[in-house]
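Chemist: Kindly generate the corresponding structure for this input.
(2 chains)
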Amino acid sequence: MPRVRIKNPQDFGAAAMFVLIGLAGFFLGGDLEFGTASKMGPRYFPGILSLLIVALGLGLGASSLAVKGPRIEPVQLRPVAVVIGVVLLFGYLLDIVGLALSTMILTLVAAFARREVRIVESLLLGAGLAIFVVVLFVYALSQPLPAWWGAP
Amino acid sequence: MGGAVAVELDVFNNLATGFAAAATLQNLGYALLGALLGTLIGVLPGIGPIPTIAMLLPITFGLSPLGALIMLAGIYYGAQYGGSTTSILANMPGEASTIVTCIDGHQMARQGRAGAALGVAALGSFFAGCVGTVFIAAFGPPLAVLAQEFNSPDYFSLMVLGLVTAVVLAHGSVAKAIGMVLVGILLGLVGLDTNSSLPRYTFGISAIWDGIDFLPVVIGMFGIVEIIRNLESRDLHRVPVGARLRDLWPSMKDFRDSWPAVLRGTGLGSLLGILPGGGAVLAAFASYTLEKKVARDPSRFGKGAIEGVAGPESANNAAAQTSFIPLLTLGLPSNAIMALMMGAMIIQGIEPGSAVMTKRPELFWGVVASMWIGNAMLLVINLPLIGIWVRLLSVPYRLLYPAILLFSIIGVYSTNTNVAQLVITAVFALFGYVLLRVGCEPAPLVLGFILGPLMEENLRRALVMSRGDPSIFVERPISATLLGLTVALVALIVLPQIRKTREKAFQE
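Modeler: Numbering: from 1, shown residues only, chains lettered A, B, ... in the order given. You can find the predicted model right below:
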């Protein structure tokens, strides 16, 4: 038996993703009713869609074994982890310490997404941004954002 | 502008109503502010109109409906023009519709003619914007009448056409683009099923009980992923500004060379903008191809031909304008930007569709007028301020990205002041990053996401009408026509000859 090799890693990755999403869509529908065409249940449309996605994924996967294509670029963990982490951190901090301090912390932590970190520059940028967003969003636009801790 | 174009009297009256509603001092102020902010953010490298609008959307929440829409129109056109500026000066397209502008625009900049390129882009866009406005005023009402003939099967077929167009226009693999559309539709179905009121795919998470919000998806997949991508590539730490601004105004020769291209681009863009799934991207590519075809010396293209800037820039603006037609008459957004606009209208309590025109004419015509005002503001602020935008481009990215990140996050949070929205943003950023790695485009997913619930609802109604018989889709004339167009479009991409030219067009 000839060894099967992935000739198009990007397409293979996409295919695996489609199959996973499709299977999840089909089976996580739980005990919802499927229904019939004239009386579509809550699971009818998403069920059909999920099966289509699985089928497409399988087709794409098969072709990725046959036709050559680009490789998957290596993931750079640093920017991915820091940037996405900052989004979550900001959400966690906002209600606790308010917009001004969250902004400063965000700016400082976000600086670590790059290898060369300039602490002083980031602190200055953070202070400037904090003043700007508090004045703009809290005072000028009266958005429901807490400027400081404890504020509603 | 009425003299040259033969418009009916009531079109004039309607526009007059619109201008009377829109052109108050306060609204003009909103338009100016919107255009200014839109350009400011749009000019930043790597930020297209979608994240720009998403980021600035919360600013409009406190305004009156008309004021908010006027400001949004300003933001939208500002973001587009800002993107063109970045393309011309730094060769960095913020999104697909300005890729074409890079080709000849940046070459012109390197020859010291950045001013001429920017000037022609601004003037061409303004002209196209004026024509687009008249176009909407003239064709909006008859299309709204036609829209009243639309029934569920027709809506469903129209959405199929729109999604297929989006697939055809996506870069790269057609199979992956189809997959993206389907996944988008599936994600759009998360939340309570409208018919049975049963929750689907919510896993007991209350934040997605009413469906996943649009803004976290867009900000996550476009805004945040773009930041990560820029941080990963090493060459972006300093934007190469290749511009020496010798003189801002195009010369008489530039005018002579570019006005036919502006006219052609405007016509082409106005027509292509109406197509569902079409819009600015399709128009810009089509116009560039057309200019190259009709040019006496096609070899000048790619080396700083002014027609290669004038045509596509006019076309994308005209299309940006007329792509409001399906939204305002049918309530169907034809691309991701229109979906954002629709979201903004719903937040303001306006349900887009043919009812807006009949029930709240001052609002409909006010929106149409506001588009013209937005375009005019753009001309007013951009020509004198180009120098400032150029300087903005030289701000190092290490100072820009924390600010971009901050504004994106605040934008998501302020739409419904819920921290859970930020978790959703993070999840979609991660998903968007995976898509980037496996070479899938997020734009078709977003369109599917918007249309998903509408598609299911119309499919259900259509099949109830026909008692489960799918032939209803080919028996109704409107639906059959739309499906016919879809089949023709699919045939176009399947036929190898045309497929080859499509690939060539995207390579250019």
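
Chemist: what sits against the residue nearest to the spatial centre of chain A?
Modeler: Nearest to the mean C-alpha position of chain A, by CA atoms, centre = their mean, lies A:Ile84 at 7.7 Å. By CB atoms under 8 Å, 6 or more residues apart in numbering or on different chains, the contact list for A:Ile84 reads B:Ile224, B:Ile228, B:Ala426, B:Ala429, B:Leu430. C-beta: built from backbone N, CA, C; applies to glycine.

Chemist: ok, how many other residues are close to the last one?
Modeler: Read that as B:Leu430. Other residues near B:Leu430 number 18, with proximity taken as other CB atoms under 10 Å in any protein chain shown.

Chemist: Give me the nearest residue to it, chain neighbours excluded.
Modeler: A:Ile84 (6.0 Å; CB to CB, 6 or more residues apart in numbering or on different chains).

Chemist: Enumerate the positions of the helix or strand hosting that neighbour that are buried.
Modeler: Using DSSP states H and E, A:Ile84 falls within helix A:77-110. Within helix A:77-110, the residues that qualify as buried are A:79-80, A:82-84, A:86-87, A:89-91, A:93-94, A:97-110, counting by 16 or more other CB atoms under 10 Å in any protein chain shown.

Chemist: what ranges do the strands span in chain A?
Modeler: Shown for chain A, the strands assigned by DSSP state E span residues A:35-36, A:39-40.

Chemist: ditto for chain B
Modeler: B:191-192, B:199-200.

Chemist: Looking at the first one now, give me its mean pLDDT.
Modeler: Along strand B:191-192, the predicted local confidence has a mean pLDDT of 85.

Chemist: So which elements touch it?
Modeler: With contacts defined as 3 or more CB pairs under 8 Å, 6 or more residues apart in numbering or on different chains; DSSP states H and E, the packing partners of strand B:191-192 are strand B:199-200.

Chemist: Against which helices or strands is the strand it packs on packed?
Modeler: The contact analysis (3+ CB pairs under 8 Å, 6+ apart) places strand B:199-200 against strand B:191-192.

Chemist: The strand it packs on: how far from the chain's middle?
Modeler: Averaged C-alpha coordinates place strand B:191-192 at 28 Å from its chain's average position (CA atoms, centre = their mean, to the nearest Å).

Chemist: Parallel or antiparallel, list what pairs with it.
Modeler: Here strand B:191-192 is paired, per DSSP bridges, with strand B:199-200 (antiparallel).

Chemist: Show me the contact partners of the strand it pairs with.
Modeler: Contacting residues not belonging to strand B:199-200 are listed as A:Gly29, A:Leu32, A:Pro42, A:Arg43, A:Pro46, B:Leu189, B:Val190, B:Gly191, B:Leu192, B:Asp193, B:Trp209 [CB under 8 Å, 6+ apart].

Chemist: Pretty sure the fifth one sits against A:Leu28.
Modeler: In this case it means A:Pro46. No - if you go by CB atoms under 8 Å, A:Pro46 and A:Leu28 don't touch, sitting 9.5 Å apart.

Chemist: Now do the helices in chain A.
Modeler: Remark: helices assigned in chain A by DSSP state H are A:9-27, A:44-66, A:77-110, A:119-133.

Chemist: Columns mean pLDDT on top of those, output as JSON lines?
Modeler: Formatted as JSON lines, the helices of chain A follow (pLDDT from 0 to 100):
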{"stretch": "helix A:9-27", "mean pLDDT": "93"}
{"stretch": "helix A:44-66", "mean pLDDT": "92"}
{"stretch": "helix A:77-110", "mean pLDDT": "92"}
{"stretch": "helix A:119-133", "mean pLDDT": "92"}
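
Chemist: Out of those, the one nearest B:Ile185 is which?
Modeler: Closest to B:Ile185 of these is helix A:44-66 (CB to CB; 5.9 Å).

Chemist: how about that closest one, does it reach chain B?
Modeler: Yes - with CB under 8 Å from any CB of the partner chain as the criterion, chain B is reached by helix A:44-66 at A:Phe45, A:Pro46, A:Leu49, A:Ser50, A:Leu52, A:Ile53, A:Leu56, A:Gly57, A:Gly59, A:Leu60, A:Ser63.

Chemist: Give me the buried entries from the residues you listed.
Modeler: A:Phe45, A:Pro46, A:Leu49, A:Ser50, A:Leu52, A:Ile53, A:Leu56, A:Gly57, A:Leu60, A:Ser63.

Chemist: Of the residues you listed, which is the nearest to B:Asn13?
Modeler: Nearest to B:Asn13 out of these is A:Phe45 (CB to CB; 44.4 Å).

Chemist: thought that closest one was touching B:Leu459?
Modeler: Yes - counting by CB under 8 Å, B:Leu459 is a contact partner of A:Phe45 at 6.6 Å.

Chemist: most tightly surrounded among the strands of chain B?
Modeler: Greatest average neighbour count among the strands of chain B goes to strand B:199-200 (a mean of 20), per mean count of other CB atoms under 10 Å in any protein chain shown.

Chemist: Identify the residue nearest B:Leu192 in space, chain neighbours excluded?
Modeler: Sequence neighbours aside, B:Pro199 is the residue nearest to B:Leu192 in space, at 5.6 Å (criterion: CB to CB, 6+ apart).

Chemist: And the one you found, how close does it get to A:Val97?
Modeler: 34 Å (CB to CB, to the nearest Å).

Chemist: In a markdown table: the strands of chain A, plus mean neighbour count, mean pLDDT and distance to B:Ala320.
Modeler: Listed next are the strands of chain A as a markdown table, based on neighbours: other CB atoms under 10 Å in any protein chain shown; pLDDT from 0 to 100; distance: least, CB to CB, whole Å:
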| stretch | mean neighbour count | mean pLDDT | distance to B:Ala320 |
| --- | --- | --- | --- |
| strand A:35-36 | 14 | 83 | 41 |
| strand A:39-40 | 20 | 84 | 36 |
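
Chemist: do you know which of the ones you listed lies nearest B:Asn14?
Modeler: When the strands of chain A are compared by CB to CB, strand A:39-40 sits nearest B:Asn14, at 40.7 Å.

Chemist: How about residues contacting that closest one?
Modeler: B:Asn195, B:Glu456, B:Leu459, B:Arg460, B:Leu463, B:Val464, B:Gly468.

Chemist: Off-centre distance for that strand?
Modeler: In terms of CA atoms, centre = their mean, the centre of strand A:39-40 is set 34 Å apart from its chain centre.

Chemist: Partner strands of that strand, with direction?
Modeler: Strand A:39-40 pairs in its sheet with strand A:35-36 (antiparallel), by DSSP bridges.

Chemist: How about the contacts made by B:Pro51?
Modeler: By CB under 8 Å, 6+ apart, the contact set of B:Pro51 is B:Val218, B:Ile219, B:Phe222, B:Gly223, B:Glu226, B:Ser408.

Chemist: again, only using 6 Å
Modeler: With contacts defined as CB atoms under 6 Å, 6 or more residues apart in numbering or on different chains, B:Pro51 is in contact with B:Phe222, B:Gly223.

Chemist: repeat for B:Leu56
Modeler: B:Leu37, B:Ile75.

Chemist: Right, I'll leave it there.
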